[in-house]
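# how does the following fold in three dimensions:
(4 chains)
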2 protein chains.
Amino acid sequence: MTITRNTVQREIILQTVLGMDNHPSADEVYAKLRPENPSISRATVYRNLELLARQGKILHIRTPRGADCFDFNINDHHHLRCEVCRRVFDIDVSDIPKIDYDKIDSEGYLINGYNISFYGICPKCQENERSNI
Amino acid sequence: MTITRNTVQREIILQTVLGMDNHPSADEVYAKLRPENPSISRATVYRNLELLARQGKILHIRTPRGADCFDFNINDHHHLRCEVCRRVFDIDVSDIPKIDYDKIDSEGYLINGYNISFYGICPKCQENERSNI
DNA sequence: ATGACTGCAAAGGGTTTGCATTGAA
DNA sequence: TTCAATGCAAACCCTTTGCAGTCAT
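Predicted coordinates for the structure are as follows:
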């Protein structure tokens, strides 16, 4: 691991994510801490979220379509992006077989890992669709 | 399905994708057809690739990090995005269990589908890494 | 004193959109 | 005749980067 220094900004960003339970995007983290910390820049938020994820302190969730999100829950679990509100949620899909293709070699391709991401509609947006039509 | 009209642009875009075997991004399709068809606009390429994918004539591949790609091979298969050159490749990872969570309901979440995308390093980039160090 | 880190603003990549016009049906 | 589709440019979202200055070590 490269040398890092402890900055107040980094700690504030970490604590902000730990206090949010809704898979915030970098911009949502920025918006959340901005009122009390107006001098922290958006670039610093992006840079530190990435660094904290590399350190394993938070989870960096990347899914197609929509901003990357971050999660205080670093345990292995699955996510769904709502196709209506574009937000990310934990979903409980038990017995998803764990694919053991980590670091294997497939016809010359070095596979370092994989992402599974679900898409669908969250409960709130389903409800809105029912009442708005 | 909504009403569509057959335009020459759409046919050119379709034929261009069918003639490319390298999972082109929308911009790569645009670049490919531009020399012979300089009047077709980038917006038209984006709009038609999406429409053709909705019609099931091509495959729209969405992975985290990097542009969406399109594929003439509409059979169900898996993709890997090279972390070095950012390109998308077919990979042969047999016996990936098919997850049967299509259209099921999990704690109020309507699951419409899922993406699995692998990441790693393609053969050419592995070779470059070996020789460049 | 060193260089990791910051804030700022600008640029970047990928994609979508508003609008007037065109052309397939 | 109609309205789906086009071309254009501008806007959009998300993210990264260059740079000069700052601050943890």
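# give me every residue in chain A lying close to DNA strand C.
A:2-5, A:7, A:9-10, A:39-44, A:47-48, A:51 (Cβ under 7 Å from any atom of the strand). Glycine gets a C-beta too; all of them are placed from N, C-alpha and C.
# is the longest helix anywhere in chain A in proximity to DNA strand D?
Assignment by DSSP state H gives helix A:42-54 as the longest helix of chain A. Yes: using Cβ under 7 Å from any atom of the strand, helix A:42-54 reaches DNA strand D at A:42, A:43, A:46, A:47, A:50.
# residue boundaries of the strands in chain A?
Along chain A, counting by DSSP state E, strands occupy A:59-61, A:69-71, A:78-82, A:88-91, A:105-106, A:109-121.
# least confident of these, on average?
Mean pLDDT values for the strands of chain A show the minimum at strand A:105-106, a mean of 70.
# who in chain A is up against chain B?
A:62-65, A:68, A:80, A:83, A:89, A:91-93, A:96-97, A:99, A:101, A:106-123, A:126 (Cβ under 8 Å from any Cβ of the partner chain).
# which among these count as buried?
Buried members of the residues of chain A next to chain B, counted by 16 or more other Cβ atoms under 10 Å in any protein chain shown: A:62-64, A:68, A:80, A:83, A:89, A:91, A:93, A:99, A:101, A:106, A:109-111, A:114-115, A:117-122, A:126.
# restrict those to those near DNA strand D?
For DNA strand D, the contacts drawn from these by Cβ under 7 Å from any atom of the strand are residue A:68.
# that older thread, looking at the residues of helix A:42-54 next to DNA strand D, which is nearest DNA strand C?
Nearest to DNA strand C, judged by Cβ to the nearest atom of the strand, of the residues of helix A:42-54 next to DNA strand D is residue A:43 at 3.6 Å.
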